[in-house]
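> sequence unknown, structure follows:
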């Protein structure tokens with residue numbers, strides 16, 4: 001599985017590096033440094049590619065650490081949700097998407113591996129922002145405690161994922177190819193990794209889609 005992941009990721013890692021090299025070469029060799037507008041344009045291109053590269057490296061590191069022994073700790077879900085909001089606020093603003101964190105009346109304490117929990121939720125929010133191409137985009141994250149389970153829901157009001165694909169979407173290398181969803185670059189492993197981690201945490205993940213959008217629901221037992 002790791003070999004498959006590395007092979008599929010190689011091209012994506014090379015692309016931003018090549019683009020940054022071209023942008024920097026243009027500044028250096030084609031007198032772009034003398035033209036402030038052109039220089040700013042090439043610098044912005046390089047910055048965008050650095051952000052892409054940073055996200056890809058994070059995904060590789062997350063994947064590598066899945067197989068390691070989990071570090072168990074008590075996690076305040078309120079504090080965790082604030083962390084999610086701080087991490088994605090800027091990106092949501094750049095995409096003109098309203099990122100909403102639903103308030104938790106009473107803080108929930110979950111005992112588990114924070115890195116794994118972070119990988120699951122960050123991947124789901126990352127997908128919600130990436131594929132939501134509506135002009136008035138909304139991504140909402142909520143958490144609640146229900147019958148000894150922590151339920152985290154990531155909702156987006158983007159293009160509805162067909163119901164017959166609700167299970168297939170978690171398969172390795174599977175990517176939705178209907179509408180404009182396949183125009184966004186990816187390697188078809190994000191949701192597969194999420195499902196694998198959730199099951200390792202003795203939980204479950206499901207997708208519910210309707211006319212409002214898509215709900216990714218993660219249920220984890222609270223010990």
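Structure received. Note that the structure is predicted; figures quoted are calculated from it, not measured.

> Quick check: which helices or strands does whichever strand or helix holds residue 89 pack against?
Using DSSP states H and E, residue 89 falls within helix 77-94. Contacts defined by 3 or more Cβ pairs under 8 Å, 6 or more residues apart in numbering; DSSP states H and E place helix 77-94 against strand 97-101, helix 114-131, strand 137-146. Backbone N, C-alpha and C define where each C-beta goes, glycine included.

> From residue 22, how far out is the residue nearest the centre of the chain?
The chain has residue 126 as the residue nearest its centroid, 2.3 Å off, counting by Cα atoms, centre = their mean. Plainly put, residue 126 is 26 Å away from residue 22 if you go by Cβ to Cβ, to the nearest Å.

> Next, the buried residues of stretch 14-31.
For stretch 14-31, the neighbour count (16 or more other Cβ atoms under 10 Å) marks 16, 19, 20, 23, 26, 27 as buried.

> So which of those residues is the closest to residue 83?
Nearest to residue 83 among the buried residues of stretch 14-31, counting by Cβ to Cβ, is residue 16 at 25.6 Å.

> Low-confidence bits of the chain, can you list those?
Low-confidence segments of the chain (pLDDT under 70): 1-12, 30-33, 59-69, 173-189.

> Which stretches in it count as helices?
Ranges of helices within the chain are 2-29, 36-65, 77-94, 114-131, 190-200, based on DSSP state H.

> now, of these, which is deepest in the fold?
Among these, helix 114-131 has the highest mean neighbour count (mean count of other Cβ atoms under 10 Å), at a mean of 21.

> now that helix: how far from the chain's centre is it?
Distance, stretch centre to chain centre, for helix 114-131: 4 Å (Cα atoms, centre = their mean, to the nearest Å).

> Would you enumerate the residues in contact with residue 54?
Applying Cβ atoms under 8 Å, 6 or more residues apart in numbering to residue 54 gives no contacts.

> how close does it get to residue 82?
Distance from residue 54 to residue 82, by Cβ to Cβ: 21 Å.

> Could you do residue 47 as well?
Applying Cβ to Cβ, the value for residue 47 to residue 82 is 26 Å.

> cool, residue 21 as well?
38 Å.

> Then residue 23?
Taking Cβ to Cβ, one finds residue 23 at 35 Å from residue 82.

> Same check on residue 201?
21 Å.

> what do you get for residue 19?
From residue 19 to residue 82 the distance is 34 Å (Cβ to Cβ).
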